[in-house]
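Can you look at this prediction? I've put the sequence above it.
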Amino acid sequence: MSDPAADPPPRVEVRLPDGRTIPGRLQRWRQAADGRWWAEVTVPVPAAAIGRVAGEDYTNVPREPSMPRARYVLEVDTRRPNSGSTVHDADCWTLADKAPWTRQTPLDGHAARGQLAFDGTTACTVCNPEP
């Protein structure tokens, strides 16, 4: 018999106001004072779709990588050729706020050191990676 606390919440389809549906997980049911039932659902969205709220602390939000985690990320602005690139620690919070025209490539320490040797490649001034 499996441990119910270890099982993921059941999957649901969440219907958006425009009629589209997106996948989610049903966390719990809550009844309002007027008797109506509400569903508390988690919905996965791309990190770029999330806006941070001033004054909130995000440092303890868990991360669940789906593959072996790269230690570094190379960020490149794809709009301009030869615009340079930036090496980040893989958990640098600035990576989630990037525009859609940036490309992010996972790197190990050896590859990150190699990238920093190229002219036009810099280390992020926020996370200060030291591969």
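On my side now, so go ahead. Numbering: from 1, shown residues only.

Check the residue nearest to R15 when sequence neighbours are not counted and give its pLDDT.
Spatially, and ignoring its direct neighbours in sequence, R15 is nearest to T21 (5.3 Å; C-beta to C-beta, 6 or more residues apart in numbering). (Each C-beta comes from the backbone N, C-alpha and C, glycine too.) Looking at T21, its pLDDT is 90.

from memory T21 sits against V14, does it?
Yes: the criterion here is C-beta atoms under 8 Å, and T21 meets it with V14 at 6.3 Å.

just for this structure, where's the confidence low?
Applying pLDDT under 70 to the chain flags the ranges 1-5, 65-69.

Can you mark which positions in stretch 36-44 are buried?
V41 (16 or more other C-beta atoms under 10 Å).

contacting residues around that stretch?
Around stretch 36-44, the neighbours that count as contacts under C-beta atoms under 8 Å, 6 or more residues apart in numbering are 9, 12, 14, 22-32.

G114 - that's part of a strand, no?
No: according to DSSP: H, G, I helix; E, B strand; the rest coil, G114 belongs to no strand; its state is helix.

by contact count, what packs against the top strand by length along the chain?
Identified as the longest strand of the chain according to DSSP state E is strand 21-31. Contacts defined by 3 or more C-beta pairs under 8 Å, 6 or more residues apart in numbering; DSSP states H and E place strand 21-31 against strand 11-15, strand 37-42.
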